[in-house]
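J.: how would this look folded up:
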Amino acid sequence: MNSIYKLSLLVFIVVSTSFKTSMKLTVTSPDFKDNGMIPSKFTCEGEQASPALDVSGTPASAKSLALIVHDPDAPLKGGFTHWVMWNIATDGKIAESFKGADQGFNGAHKNGYMGMCPPSGIHHYHFKVYALDTKLTVDKNTDKAGLEKAMTGHIVAEGELIGLYQKAKK
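T.: A predicted model of the protein is given here:
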């Protein structure tokens, strides 16, 4: 009987610590709807300003937010990353042309936002926001993979907004 109790306790500990429950953030934009078209203002055909984002549902335990904007449809291995940013305030307000946080390398190996510019067809742009239980100390030359690695074990909630874009026919 004692060994059954110990085994049950061990299974409970393993299961309860193996899965970190992640809450769901709601990510919206005043500039486009989820799965809607992104205005050209935010692309290579416009001003290349980053769109405004609103994040709600951030848990009280969150110390910062992080953002990755990625295009999995890009004709490159692994897609193309348009924006990598961390240590965003937890108030959930990311203004247009936002510069109020640490920004890493996009897919062109430049810091900051790079507007959408698909070579052909409609592409899907995933604006993934993560609520973290810490502020990150990460080098400014960090890319998407580096940020994902730094966030490991610190994500308490996450959410996503998807925008679409196709270049105008010229």
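J.: who's in contact with the residue nearest to Ser40 when sequence neighbours are not counted?
T.: Leaving aside its chain neighbours, Ser40 sits nearest to Gly46 (4.3 Å; criterion: CB to CB, 6 or more residues apart in numbering). C-beta: built from backbone N, CA, C; applies to glycine. Residues near Gly46 by CB atoms under 8 Å, 6 or more residues apart in numbering: 39-40, 115.
J.: The residue nearest to His154 when sequence neighbours are not counted: neighbouring residues, count only.
T.: Using CB to CB, 6+ apart and skipping residues adjacent in sequence, the residue nearest His154 is Leu132, 4.5 Å away. Leu132 has 24 neighbours, counted by other CB atoms under 10 Å.
J.: Touching, Leu132 and Ser61? I think so.
T.: No: with contact defined as CB atoms under 8 Å, Leu132 does not count as touching Ser61 (9.5 Å).
J.: so what's in contact with these two at the same time?
T.: Val156.
J.: For Tyr130, give its distance to Leu53.
T.: 13 Å (CB to CB, to the nearest Å).
J.: Between those two, which contacts overlap?
T.: Leu67.
J.: hang on, Leu147 in a strand?
T.: No: counting by DSSP: H, G, I helix; E, B strand; the rest coil, Leu147 falls outside a strand, being helix.
J.: That one touches Val84, doesn't it?
T.: Yes: counting by CB under 8 Å, Leu147 touches Val84, with 5.3 Å between them.
J.: ok, those two, which is more surrounded?
T.: Val84 (27 against 22).
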